[in-house]
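Peer 1: could you look at this predicted model? Sequence included:
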Amino acid sequence: MNLKGLGVAMVTPFNEDGSVDFSAIPRIVENIITGRADYLVLMGTTAEAACLSSIEKEAIIQEVVHVNQGKLPLVIGIGGNNTAKVVEEIQNADLSPFQAILSVAPYYNKPSQEGIYQHYAKIAKASSLPIIVYNVPSRTGVSIEVDTFVRLAEDYDKIIAIKEASGEMSQAEQIIKNSPAHVQVISGDDTLTLPMLLAGAVGTISVLGNALPVPLMRIFHYVAEGELNKAYELHYELMDLISLLFEEGNPTGIKALMEALSLCKKTVRLPLVSASEALCQKIEKSLAHTI
């Protein structure tokens, strides 16, 4: 799969009673499609996948596939800290609508680098689809070191990319420098999209893209055209809003922004709580200066 450009880590919309708001899914998907994003990522962190039942996941996937109508490639998040369970889920899932799997590093257990290697080795052997490794140590408690990822990419052709969200540009640069030629490095942090593109990353998997895909696509256009001053101007214009999206956690902030844009309600599921009124006001103020 070509992961170049803008991928969007799609939220799961909820009604105020906490049930899945299926009526909002078409609005969200169409906003992403019309914003000319390059692919959709389902059932990731931003989707609150950990708080969805298997029945809800299946119904959401079916609705997104129906609305998407094959317009955008789809990536499915399948990961966890029980290797055998992840492998079983991959083997039993209907993966026909998807082009790749995004699999987060095993969290909470805090495995060694060898444990991380063996975890992804099992996944690569079990999967019929390409694998995007997801490194997000702020959530998992463990970072996938450069040597570990490079070893995985060299040993398993199924491992085609890494979503790098450590927040460390030096780590991203080392991965870009040392990985096999087929590997695609993707920014997992909206604030680092432009710096990572200029360092050699192919694109980003974005949270902001749920609400505002158009300005992000403009950044990609400016980079492609060599108009770096314009790219940086837009990058800095978006920085304050992006920071607010994560002030009370993700997807709390992005859902508050999406409510301001009438895309979905700001409701999240416990243990997350919806954005405070103070944050909503700050997001609305920042939005007014952004678009």
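Peer 2: Yep, it's here. Computed from a predicted model, the values in this text were never measured in an experiment. Numbering: from 1, shown residues only.
Peer 1: quick one: which helix or strand includes the closest residue to Val142 other than its chain neighbours?
Peer 2: In space, not counting the residues next to it along the chain, Val142 is nearest to Lys110; the distance is 5.1 Å by C-beta to C-beta, 6 or more residues apart in numbering. The way it works is simple: take the backbone N, C-alpha and C, and place the C-beta from them, glycine included. With the criterion set as DSSP states H and E, no secondary-structure element contains Lys110; it sits in neither a helix nor a strand.
Peer 1: and Lys110, how many neighbours?
Peer 2: Close neighbours of Lys110, defined as other C-beta atoms under 10 Å, add up to 11.
Peer 1: swap in Glu225?
Peer 2: Other residues within reach of Glu225, judged by other C-beta under 10 Å, total 10.
Peer 1: can you pull out the strands in the stretch 101-250 of the chain?
Peer 2: Secondary structure of the stretch 101-250 of the chain (DSSP state E, counting those that start in this stretch): strands located at 131-135, 159-164, 184-187, 203-206.
Peer 1: mind putting those strands into CSV with mean pLDDT and mean neighbour count?
Peer 2: CSV is the format used below for the strands of the stretch 101-250 of the chain (pLDDT from 0 to 100; neighbours: other C-beta atoms under 10 Å):
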stretch, mean pLDDT, mean neighbour count
strand 131-135, 98, 26
strand 159-164, 98, 26
strand 184-187, 98, 23
strand 203-206, 98, 28
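Peer 1: returning to that earlier point: Pro137 versus the residue nearest to Val142, what's the distance?
Peer 2: The spacing between Lys110 and Pro137, counted by C-beta to C-beta, to the nearest Å, is 10 Å.
Peer 1: re the thing from before, tabulate the strands of the stretch 101-250 of the chain in CSV, adding columns for distance to Glu88.
Peer 2: Conversion of the strands of the stretch 101-250 of the chain to CSV gives the following (distance: least, C-beta to C-beta, whole Å):
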stretch, distance to Glu88
strand 131-135, 16
strand 159-164, 19
strand 184-187, 26
strand 203-206, 25
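Peer 1: looking at the ones you listed, which is nearest to Lys4?
Peer 2: Distances from Lys4 to each of those were compared using C-beta to C-beta; the minimum, 5.2 Å, belongs to strand 203-206.
Peer 1: off-centre distance for the closest one?
Peer 2: Its chain's C-alpha centre lies 7 Å from the corresponding centre of strand 203-206 when counted by C-alpha atoms, centre = their mean, to the nearest Å.
Peer 1: so which of the strands of the stretch 101-250 of the chain comes closest to Ala105?
Peer 2: Once C-beta to C-beta is applied to the strands of the stretch 101-250 of the chain, the stretch that comes out nearest is strand 131-135, at 5.8 Å.
Peer 1: tell me the secondary structure for the closest residue to Lys71 other than its chain neighbours?
Peer 2: The spatial neighbour of Lys71 that comes closest, neighbours along the chain excluded (C-beta to C-beta, 6+ apart), is Ile33 at 5.3 Å. The three-state label for Ile33, taken from DSSP: H, G, I helix; E, B strand; the rest coil, comes out as helix.
Peer 1: if I look at Ile33, how far off is Pro73?
Peer 2: Ile33 is 12 Å from Pro73, where distance means C-beta to C-beta.
Peer 1: in the protein, where is pLDDT below threshold?
Peer 2: In the prediction, the chain carries residues with pLDDT under 70 at positions 291.
Peer 1: biggest helix in it, by residue count?
Peer 2: Of all segments of type helix in the chain, defined using DSSP state H, the longest is helix 228-245.
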